[in-house]
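[1] sequence and predicted structure, then a few things I'm wondering about:
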Amino acid sequence: MTEPLLKVRGLKIGATIYPPGEKSRHIDIVHGVDFDLEPGKVLGLIGESGAGKSTIGLAAMAYGRGGVELTGGEVWVNGRDVLQSGMGDKRRLRGAEVTYVSQSAAASFNPAKRIMEQVIEAAIGQGKFSKKEAEKRAVVLFEKLGLPDPETIGSRYPHQVSGGQLQRCMTALALCPQPDLVVFDEPTTALDVTTQIDVLAAIKDAIRDTGVAALYITHDLAVVAQVSDHIMVLQQGSMVEYGTTDQIINHPREAYTQALVSVRSIKHEEKAPTETPLLRTQGITARYRGTNFDVLKNINVGIHPGQTLAVVGESGSGKSTLARVITGLLPPSSGEITFEGRTLTPDLATRPLDDLRELQMIYQMADTAMSPRQTVGTIIGRPLEFYFGLKGKEKQTRIQELLDEIELGEGFQDRYPAELSGGQKQRVCIARALAAKPKLIICDEVTSALDPLVADGILKLLLNLQKVEDVAYLFITHDLATVKAIADSIAVMYRGEVVRYGPKSQVLSPPFDDYTDLLLSSVPEMKIGWLEETIANRKMESAGN
Amino acid sequence: MIRIPPAALVGLFFTTLFFFCAIFAPFIAPYGMAEVVGDVWEPSSSEFLLGTDSIGRDLLSRMIYGGRTTIFIATAATILSFVTGATLGFFAAVSGGWVDQALSRFIDLIMSIPSLIFALVVLSVMPTTILTLIVLMGLLDSTRVFRLARAVAVDITVMDYVEAARLRGEKIGWIIFRETLPNALSPLVAEMGLRFIFMVLFVSTLSFLGLGVQPPQADWGGIVKENKEGINYGIQAALYPAYAIAALCISINLVADWILSRTTSLKGGRG
């Protein structure tokens, strides 16, 4: 066995937190983690948010983000304990021996400097290469990572390349100083699925070709299965399971790992469409003020009572705009919307109260969808008071009924949103929508910001509520696994058009059009070797390129 | 139990002291406000703690009564400027479109005229009563509050919870006072401290120029004006109001800083 490149022993990490209205106190966020990483190997760190993945990743550079302290244990890199080394030694470590790729390349690149300047900065600053050598190296890396025009792309500014390309530039930045270890912190999470697959393939090739070791941090087990040799599952700062990728994916031992592997196992029987749809859009075309192109082009879809229409597509495909048009926030330039047989007025301001009540909306970010200064009771109670004039005891009882319905129970009425977890917040938003007794709820990416297990809970809740309340959903998402789990019919959107629309079984079975094929095949599967297979079989270039 | 940092404690102590003196002036002041009790510019003694002023009134009593006038005018004007400025600012931000444009450009127009000159022009034609002063100062200063309130509210009105309220069909009053205002309070409160100080300086300046509070009514700016000749003879009388203004200024800001840091750390929490 070779000497490990990175050896972590009993790593303990703490942080100081400032809970509202209380004294600040110290908490432990990582409780003694051990692992080894051999040269040229890839270790996947996986877990939900708050599991300590990123914190452990940064600890490999002997670094803790603001307020985070490395309180105990050892981190050995190339045979020395970097937690004990001085500031100068840490500087020589970071950017030379260990480098870092962050989740959002757009937020990490300096928008005022050209890409090349930033890619070679660490390599030159650490004295590893001269400027000429570093530039030459960068061009080779650009080419290896499949970037277009590798010779000249470095002279562009970060905003002049796409998100997927920028993420690859960042990988080049990390590989340029010829490090021994790269920490990848959710490098593909912010990307669309069809872009993610390319970036993933590029990263994997680059790791293999340069022989660098990597820590690959992600919450998506299917992604990590494609790139890593070993996987470590973390939960709330402790290791749950460690093993080879094959063992974790195919024979998980711990219950938590099994839950992660089998996530999205919801079974939903597709319902047959009814005679008359509840809501129908006819030839909807829309554009934003001051622009000269249509964001939506001739959209014709229908939603049947008590059923779910999933609108799926990548960012920029017009999904959310469709929601804005239906709710009346953005009047369409042509076309009309019928709801229960009557035509809805295009502008929100002129709609009768009943139309507003019967059409509710749930947002992606539950955080910003609730006023931080209102209690849960006020948030849920307002629609009751506003639409039905409920007051006092009657209102309290109804609020509690709604809280029970979203499985929260007693004791939540007086809480503020900041005192709820992400999943609970989204549940309160669902209760607010239900309070209006709507016929249709528009769900705009409601599970995208949540951890997979929490998202699963929300989807199950939505399905149950649909049975009980007989409410229809317009479910906007980019996640095909979610679509498969809950849809009755599906509309696939691409660049403002619906390219495929029909009952779920029909949309998801061949023959496919090119875009739907690309989209369906790009969703990572929990299968080793899936990435290579898919890349080899593709018909269409991804939309992000 | 709330822990108050030492700096805020000092600020709180002096602010309370100033307001206490202002409210209970008649009970605290050793002599009457306009009572001539001694010689011109007597030095400080056990009888007259700060000495006497240019016509032999007790300076300490003048200072206490002056503080009462100055603080009252500044407080009233600050409240007026916040009520007007914040309401209009929120209204502009929530309405958007041409309402916002019209209001904002009108405010720009007023702001383009230096407030002191504006005030001097108005006061030279209007009767200089305390009410005129308060209304004038409050309205002039509300332009600045408008700017801040609008900027803060524009950030809030793009939040999903405001969109949710619009989708629910809420009227503008609910959106302004129930969705926007509670979330805009902390920057506004911090600004309030600053604006209050600006008001103190403004009313003092006007009085010093002779267009503010009229004698024999005491106020800090007026005391400087009455005693400014004394400086030539090494008499401190004109400096005491300056010390008072500085002390009030610093202590109010210490309190405002503390409130701001407290409310931001509570952002989204109770409080």
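    Arrived safely.
[2] buried stuff in the least confident helix or strand in chain A by mean pLDDT?
    Using mean pLDDT, DSSP states H and E, helix A:530-536 stands out as the lowest-scoring helix or strand of chain A, at a mean of 82. For helix A:530-536, a neighbour-count test (16 or more other Cβ atoms under 10 Å in any protein chain shown) marks A:530-531, A:534 as buried. (Each C-beta comes from the backbone N, C-alpha and C, glycine too.)
[3] these: which ones sit near chain B?
    Counting by Cβ under 8 Å from any Cβ of the partner chain, the subset of those that neighbours chain B is empty.
[4] how about a markdown table for these, with distance to residue A:350 added?
    Compiled in a markdown table, the buried residues of helix A:530-536 are given as follows (distance: Cβ to Cβ, whole Å):
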| residue | distance to residue A:350 |
| --- | --- |
| A:530 | 51 |
| A:531 | 51 |
| A:534 | 49 |
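[5] need the contact list for residue B:25.
    B:64-65, B:67-68 (Cβ atoms under 8 Å, 6 or more residues apart in numbering or on different chains).
[6] now it. Its backbone dihedrals?
    In terms of degrees, to the nearest 10, the main-chain angles of residue B:25 are phi -50, psi -50.
[7] ok, now residue A:41?
    According to degrees, to the nearest 10, residue A:41 has phi -100, psi 160.
[8] hmm, it is touching residue A:212, no?
    No - shown here, residue A:41 and residue A:212 do not form a contact pair, counting by Cβ atoms under 8 Å, at 9.9 Å.
[9] count of residues packed around residue 44?
    In the absence of a named chain, chain A is used. 26 (other Cβ atoms under 10 Å in any protein chain shown).
[10] to clarify, I was referring to chain B.
    The number of residues near residue B:44, taken as other Cβ under 10 Å, comes to 14.
[11] contacting residues for the residue nearest to it when sequence neighbours are not counted?
    Nearest non-adjacent residue to residue B:44, counting by Cβ to Cβ, 6 or more residues apart in numbering or on different chains: residue B:51, 4.6 Å away. Going by Cβ under 8 Å, 6+ apart, residue B:51 touches B:41-45, B:59, B:235-237.
[12] and for residue A:419, the neighbour number?
    Around residue A:419 there are 17 residues (other Cβ under 10 Å).
[13] so residue A:177: helix, strand or coil?
    coil (DSSP: H, G, I helix; E, B strand; the rest coil).
[14] any idea which element the residue lying closest to it once chain neighbours are set aside lies in?
    Spatially, and ignoring its direct neighbours in sequence, residue A:177 is nearest to residue A:123 (4.1 Å; Cβ to Cβ, 6+ apart). Following DSSP states H and E, one finds residue A:123 within helix A:121-125.
[15] all helices for the stretch 1-150 of chain A, in order.
    A:53-59, A:87-93, A:105-108, A:115-119, A:121-125, A:131-144 (DSSP state H, counting those that start in this stretch).
[16] ok, the stretch 51-200 of chain B next?
    B:59-95, B:97-111, B:115-125, B:130-157, B:160-168, B:172-174, B:181-208.
[17] out of these, which gets nearest to residue A:343?
    Across the helices of the stretch 51-200 of chain B, residue A:343 has its closest neighbour in helix B:160-168 (18.8 Å, Cβ to Cβ).
[18] mind saving the C-alpha coords of that closest one as PDB?
    The C-alpha trace of helix B:160-168 is given here as PDB (Å, rounded to 0.1, in the frame of the first residue of the first chain):
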ATOM      1  CA  ASP B 160     -41.400  36.400  -3.000                       C
ATOM      2  CA  TYR B 161     -43.500  37.200   0.100                       C
ATOM      3  CA  VAL B 162     -44.500  40.600  -1.400                       C
ATOM      4  CA  GLU B 163     -45.300  38.900  -4.700                       C
ATOM      5  CA  ALA B 164     -47.400  36.300  -2.700                       C
ATOM      6  CA  ALA B 165     -49.300  39.200  -1.100                       C
ATOM      7  CA  ARG B 166     -50.000  40.800  -4.500                       C
ATOM      8  CA  LEU B 167     -51.100  37.500  -5.900                       C
ATOM      9  CA  ARG B 168     -53.500  37.100  -2.900                       C
END
